[in-house]
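Engineer: next come a sequence and a model predicted from it.
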Amino acid sequence: MRLLIDTYKGFLHDNPMLYGASIAFYMIFSLPALLIFAVYIAGYFYGEEAVKGSLYQQIATHVGEGIAKQVQNILRNVTINESGAVAKTIGFTTLIFSATTVFVNIQLALNEIWGVRAKPQRGWLKLIIDRLFSFVIVVSLGVILMAIQIIDLALKVSEEFISRFLSEYTVYLMQLASLGISIAIVTLVFALIFKLLPDAKIRWRDVWVGALVTTVLFVLGKELIGFYLKTSNLSSSYGAAGSLVILLIWIYYSSVIFLVGAEFTKAYSQHIGDAIIPKKNAVQVIKQEIERETESEKISD
């Protein structure tokens, strides 16, 4: 119960809804580059068209066809310029910068929630390191997307084969296994973000607990958000921009849920695990409210 109370207090104190809005804003600009990198890496092993098709189905199922078509258009229209080495280099560098920007913003949000702040010295070096860590996560997302495609294909083939010889009960178990694998993959993504991005040291055992709880919150929240967006009339209300608005709302609420998970991770590490401490290039930040006396109060004293 203490964990829940501290998570709630942290939610009120750290204002994750404000940071969720910031993350959603930057995600809209980073999304094309993120999608291109993820699809390119996964498609290199599995086939780009197959990955795009699977990605479309996943988004359409959980969020809606409007957003899925929006993502499909992004992947169709945004490519790296093929005309010359200089143009390729500029295009690739721009993509890296765009794809990593949202993760730098997530880092700032996690730093604020976990009470750490980077030292101002060696700003350029830290900027490069932050971008490298962010790029590692971008590449990891591509590898994870590839793994999801392989696992989904293997489970579908196994399900079709098993259903011929065994009962429906076994097929349900296969579907449950698919859900478990999806949860494990999302937990891995959150664990990487919690461990690599913030300017803070946190034990792996605390990371895994926090990432798992965040995943459960994320999965449940995602279904509720998806149901709301599918049943609401937002798309028609905003006209031509309806799909973009729905995508922005979905990212915003998903970001808030993720940051609530970060609040829980902080509370868990303080009460059960090992306290979160700043890295060498950072300092701990303690917030304290100070109420100063007015001039009239000073005179009366």
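Structural biologist: Nice, thanks for sending it over.

Engineer: the helices in the stretch 151-300 of the chain, which residues?
Structural biologist: 168-196, 204-231, 234-237, 242-271, 295-300 (DSSP state H, counting those that start in this stretch).

Engineer: and those helices, which one averages the lowest pLDDT?
Structural biologist: Per-stretch mean pLDDT for the helices of the stretch 151-300 of the chain is lowest at helix 295-300 (a mean of 58).

Engineer: so what's Ile183 closest to, chain neighbours aside?
Structural biologist: Once flanking residues are discounted, Ile183 sits nearest to Thr215: 5.6 Å by C-beta to C-beta, 6 or more residues apart in numbering. In this view, the C-beta of every residue, glycine as well, is placed from N, C-alpha and C.

Engineer: that older thread, got a markdown table for the helices of the stretch 151-300 of the chain, with mean neighbour count and distance to Tyr40 too?
Structural biologist: Putting the helices of the stretch 151-300 of the chain into a markdown table (neighbours: other C-beta atoms under 10 Å; distance: least, C-beta to C-beta, whole Å) gives the following:
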| stretch | mean neighbour count | distance to Tyr40 |
| --- | --- | --- |
| helix 168-196 | 15 | 18 |
| helix 204-231 | 17 | 25 |
| helix 234-237 | 14 | 30 |
| helix 242-271 | 21 | 21 |
| helix 295-300 | 8 | 64 |
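
Engineer: for Leu12, find the nearest of the ones you listed.
Structural biologist: Ranking the helices of the stretch 151-300 of the chain by proximity to Leu12 (C-beta to C-beta) places helix 242-271 first, at 9.8 Å.

Engineer: which helices and strands does that closest one pack with?
Structural biologist: Packing contacts for helix 242-271, counted by 3 or more C-beta pairs under 8 Å, 6 or more residues apart in numbering; DSSP states H and E, involve helix 2-14, helix 16-46, helix 65-77, helix 85-114, helix 168-196, helix 204-231, helix 234-237.

Engineer: and Gln34, how many neighbours?
Structural biologist: Not quite, residue 34 is Leu, not Gln. Using other C-beta atoms under 10 Å, the number of residues around Leu34 comes to 21.

Engineer: was I right about it contacting Phe103?
Structural biologist: No: contact criterion C-beta atoms under 8 Å: Leu34 and Phe103 do not qualify, at 9.3 Å.

Engineer: which one of the helices of the stretch 151-300 of the chain lies nearest to Lys279?
Structural biologist: Nearest of the helices of the stretch 151-300 of the chain to Lys279, taken as C-beta to C-beta: helix 168-196 at 11.2 Å.

Engineer: same for the closest one, what does it pack against?
Structural biologist: When contacts are defined as 3+ C-beta pairs under 8 Å, 6+ apart, helix 168-196 sits against helix 85-114, helix 123-165, helix 204-231, helix 242-271.

Engineer: report the angle between it and helix 85-114.
Structural biologist: If you take axes from the mean of the first three to the mean of the last three C-alpha atoms, to 10 degrees, helix 168-196 sits at 90 degrees to helix 85-114.

Engineer: who's in contact with the closest residue to Tyr252 other than its chain neighbours?
Structural biologist: In space, and not counting its chain neighbours, Tyr252 is closest to Ala24: 3.9 Å by C-beta to C-beta, 6+ apart. Neighbouring residues of Ala24 by C-beta atoms under 8 Å, 6 or more residues apart in numbering: Leu248, Ile251, Tyr252, Ser255.

Engineer: which pLDDT does the model give Ala24?
Structural biologist: pLDDT recorded at Ala24 is 88.

Engineer: same check on Trp114?
Structural biologist: Trp114 is assigned 90 on the pLDDT scale.
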